[in-house]
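Colleague: predicted structure and sequence below. I'll ask about it afterward.
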Amino acid sequence: MVETRNNKIPVYAVIFTVVFKLLFLLTNYIQEDAFITWRVAQNLLDYGVIGFNGDTKISASTTHLYVFVSYLFNLIFGKENFIEPLLVFNSILFTIGSLLLSHLVLKNVWHKAIFIFLIGILPPAIKISILGMEYGILFLLEMALLYYGFHKGKKWAFIVLPILILFTRIDTIIFLGIVFLIDLLWNKKIRWSYILGGILGISVVLAFNWFYFGELVNNTIIAKKLAYDKNFTFQQNAEYFWLNFGNFWGMLKLPGDFNPLTVLLLIFELLCFIYLVRQRDRRNVFLWMIFIFGWVKQLIFLSQKSLFDWYYWVPQILLFVPVVIFILEQKVKRNLWLSLLIVIYIIPMLAFQTVHSIATGNGEWNYRRTIGTFLNQYEKDKNQWIFLEPAGYVPYFSGLKAIDEVGLVDKKVQEEIKKDKPNFWINTVKNRKPKYLLSYDDLFKSKNAEYLKIHYKLIKEFRVKDHLKSDNKILEKIYILKPSGTDYNLYERID
């Protein structure tokens, strides 16, 4: 009876961690790209089409599975009320994933409980839980594959989970490949059911893309490569990698080209990993899997100049796992080690993420969202078009049809980029004649000012400084300390 109660301690830790992170919902910090996925889900609800602008099919969201999950939450809770339940759902899924991970790498139930909480309040874990992206589902699926497949040997896990993982994000082929290679080297045998699952997963995604969208690879991947691709020399690539390494490999961004905290964290993670894998333990194969994956994923995405925070959240967490295990399993002065970890790293990072979430939540929800709500009231004809970047908050809350400068939600932009990349923006304006333009710049002072002055008028300026006030003086100090957002100018066509 006592043992049964003790086995429930990690489950209680899951519940406590989820409840603790609910506080971050109060910050209203939701990632811009989440609203792209949610708009696609609502487009499916309204038009029966996976798209962004009515009945036009386009894979505007990188994730297929999360679109369907978001669709179900919209269907069940309604468009006005689905966000909070979905964010709580994401947090629950991520924390269950950390529970499965704790079963793989720890034996003591109290160690598991502390592990679940400490991992759960790291900055990337908080972001996965509350920012509205698909990584809560993804983390659970990946940890479930390791636990039920490679730990428990369940054949269904080898077949079903790779399909769901790849249907969530196609780039998870990196995770699946690393896990396969390490398992092969470790156990000296091929798991044919896992290969079947991988083949089925790739086939399902490619077939879905081809038969529904008429493309093999998601439009988002094609659009980003086309828009952001630059022909760098080897030296330029190396400099670019080093410039961004500090702010994406670690959990804390600092201004400047060098981040010593990231270097220190990397060294400590590596030392803890080496210490742990030198011990003979069955869990070592899983430590190798998550650690090598963390390194490979980050190296690939940094080298490809993929500078979006969410690509690095899961690797950041997995690379930190050896640190927590190392400290929890200290035989001498463990409480001192644990206290030092909490005081020196966990609490400062939690404080940083709290300030960051409050400030960014103000910049996104209280500022950028108001551009969308303004347009929602100003323009009643929802068939009108707006040309802007990015395509999250403003199209979602305005209800207008959207053209984005990258081509995530409208393929015709990609055609303009292919024809004349330096002039694709003005060519899109001339050819498509969108009623509204939203820009970071003063377009009447740009090189296209002559044309724009004839056909457009400035109707409103949106400024970050106008959204830094609060009745709560502490919040106001945070808003001023870390102002978040970008100034915008909104133009309307006059002919």
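Modeller: Everything's here; your move.
Colleague: rest of the way, CA atoms for contacts and neighbours
Modeller: Will do.
Colleague: okay, now the residue nearest to residue 365 when sequence neighbours are not counted: neighbour count?
Modeller: Leaving out its chain neighbours, the residue that sits closest to residue 365 by Cα to Cα, 6 or more residues apart in numbering is residue 28, at 6.1 Å. When neighbours are counted by other Cα atoms under 10 Å, residue 28 registers 20.
Colleague: equivalent analysis for the one 5 residues further on, please.
Modeller: Taking other Cα under 10 Å as the criterion, the count of residues near residue 33 is 19.
Colleague: got a list of what it touches?
Modeller: Applying Cα atoms under 8 Å, 6 or more residues apart in numbering to residue 33 gives the contacts 133, 391-392.
Colleague: ok, residue 405 next?
Modeller: 387-390, 413, 425.
Colleague: tell me the pLDDT at it?
Modeller: pLDDT recorded at residue 405 is 91.
Colleague: ok, residue 230 next?
Modeller: 67.
Colleague: equivalent analysis for residue 113, please.
Modeller: 96.
Colleague: hmm, who's touching the host helix or strand of it?
Modeller: According to DSSP states H and E, residue 113 maps onto helix 109-120. Helix 109-120 is contacted by residues 6-7, 9-14, 16-17, 95, 98-99, 102-103, 106, 125-126, 317, 321, 324-325, 328, 346 when judged by Cα under 8 Å, 6+ apart.
Colleague: one more pass at 7 Å, please.
Modeller: Under the contact criterion Cα atoms under 7 Å, 6 or more residues apart in numbering, helix 109-120 has outside partners 6-7, 9-10, 13-14, 17, 95, 98-99, 102, 106, 125-126, 324, 328.
Colleague: can you tell me which of those residues end up in strands?
Modeller: Using DSSP state E, no member of those falls in strands.
Colleague: pull out the buried members of the residues you listed.
Modeller: 9-10, 13-14, 17, 95, 98-99, 102, 106, 125-126, 324, 328 (16 or more other Cα atoms under 10 Å).
Colleague: tell me the one of these nearest residue 293?
Modeller: residue 98 (16.4 Å; Cα to Cα).
Colleague: tell me the contacts of that closest one?
Modeller: Residue 98 makes contact with residue 116 under the criterion Cα under 7 Å, 6+ apart.
Colleague: returning to that earlier point: run the chain-centre distance for the helix holding residue 113.
Modeller: From the chain centre to the centre of helix 109-120 is a distance of 23 Å (Cα atoms, centre = their mean, to the nearest Å).
Colleague: next one: stretch 197-214
Modeller: That offset, for stretch 197-214, works out to 22 Å (Cα atoms, centre = their mean).
Colleague: what residues sit buried inside it?
Modeller: For stretch 197-214, by 16+ other Cα under 10 Å, it's 197-198, 200-202, 204-206, 208-209, 213.
Colleague: ditto for stretch 279-286
Modeller: By 16+ other Cα under 10 Å, the buried positions in stretch 279-286 come out as 283-286.
Colleague: between the two ends of it, how far is it?
Modeller: Counting by Cα to Cα, to the nearest Å, you get 13 Å between the two ends of stretch 279-286.
Colleague: what's in contact with it?
Modeller: Here stretch 279-286 makes contact (Cα under 7 Å, 6+ apart) with 104-105, 186, 277.
Colleague: sorry, back to before: out of the contacts of residue 405, which one sits closest to residue 308?
Modeller: residue 390 (13.0 Å).
Colleague: in space, what's closest to that closest one - neighbours in sequence excluded?
Modeller: Once flanking residues are discounted, residue 390 sits nearest to residue 404: 6.3 Å by Cα to Cα, 6+ apart.
Colleague: list the contacts of that neighbour.
Modeller: Going by Cα under 7 Å, 6+ apart, residue 404 touches 387-391, 410.
Colleague: again, only this time at 6 Å
Modeller: Residues counted as contacts of residue 404 (Cα atoms under 6 Å, 6 or more residues apart in numbering) are 387-389, 391.
Colleague: how near is it to residue 443?
Modeller: 17 Å.
Colleague: count of neighbours near residue 333?
Modeller: Using other Cα under 10 Å, residue 333 has 10 neighbouring residues.
Colleague: can you check the one 10 residues further on too?
Modeller: If you count neighbours by other Cα under 10 Å, residue 343 ends up with 12.
Colleague: could I get the pLDDT score of it?
Modeller: At residue 343, pLDDT is 93.
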